[in-house]
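Asker: Generate a structure from the sequence data that follows.
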Amino acid sequence: MDDLEAIKQLKYRYLRALDTKNWEVFEGTLTPDVTGDYGSSLKFTTRDELVGFMRESVGPAVITEHRVAHPEIDVEGDEATGRWYLQDRVIVPDFKFMLIGAAFYDDRYRRTDEGWRICGTGYDRTYEAKMSLDDVPSFALDVGPAIRID
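Answerer: I've put the predicted structure just below:
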């Protein structure tokens, strides 16, 4: 597999693990020294910090959907950068809340003995639309078996 395809699969695995709450797989996509920058109030300097935050804040009561497209990936030896267009949705039924948004991910990747890993990630939002599920009286939610709740 070439480097571009390996990096694409890594990003897709990162998002699948996040949305299915498979924290072991999610952790495995990141280097120990990964940095995360999701705006002024969400910054991380280690894998333990980033994974711990996601595990706590995106638990079983939070449904997420992350889709990326239009990758712009540049590989230089054992390092690479990537920019992705993100569309995401967050549903929190207990609070009758839904967010729909878009952003541009900026990632840094490093080739390791285990293959490519994310060593820096974050995004710049282009928009967020928030709504109360009370405003959508017909809203119903069924969660499939792919979501881990352990």
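Asker: Which elements pack onto the lengthiest strand in the chain?
Answerer: The longest strand of the chain (DSSP state E) is strand 115-132. With contacts defined as 3 or more CB pairs under 8 Å, 6 or more residues apart in numbering; DSSP states H and E, strand 115-132 has these neighbours: helix 3-20, strand 30-37, strand 97-112. The C-beta positions use only the backbone N, C-alpha and C, and glycine is treated the same way.
Asker: what angle do that strand and helix 3-20 make?
Answerer: Calculated by axes from the mean of the first three to the mean of the last three CA atoms, to 10 degrees, strand 115-132 forms an angle of 40 degrees with helix 3-20.
Asker: just how off-centre is strand 115-132 within its chain?
Answerer: The chain centre lies 6 Å from the centre of strand 115-132; the measure is CA atoms, centre = their mean, to the nearest Å.
Asker: what sits against Val58?
Answerer: Leu18, Lys21, Thr64 (CB atoms under 8 Å, 6 or more residues apart in numbering).
Asker: Confirm that the last one sits in a strand.
Answerer: Okay, so that is Thr64. Yes: according to DSSP: H, G, I helix; E, B strand; the rest coil, the state of Thr64 is that of a strand.
Asker: coming back round to it: so what are the sheet partners of the longest strand of the chain and their directions?
Answerer: strand 30-37 (parallel), strand 97-112 (antiparallel) (DSSP bridges).
Asker: hmm, back to that, I'd like to know which of the helices and strands packed on strand 115-132 is closest to Arg89.
Answerer: Smallest distance to Arg89 across the helices and strands packed on strand 115-132 (CB to CB): 5.2 Å, for strand 97-112.
Asker: quick one: Pro145 is in a strand?
Answerer: No: counting by three-state DSSP, one finds Pro145 to be coil, located in no strand.
Asker: and Asp2, how far is that from His70?
Answerer: To His70, Asp2 is 19 Å away according to CB to CB, to the nearest Å.
Asker: same question but for Gln87, I mixed them up
Answerer: Noted for Gln87: a distance of 11 Å to His70, by CB to CB.
Asker: before we move on, what about Pro137?
Answerer: From Pro137 across to His70, the span is 35 Å (CB to CB).
Asker: Just give me the neighbour total for Tyr38.
Answerer: For Tyr38, the neighbour count with other CB atoms under 10 Å is 17.
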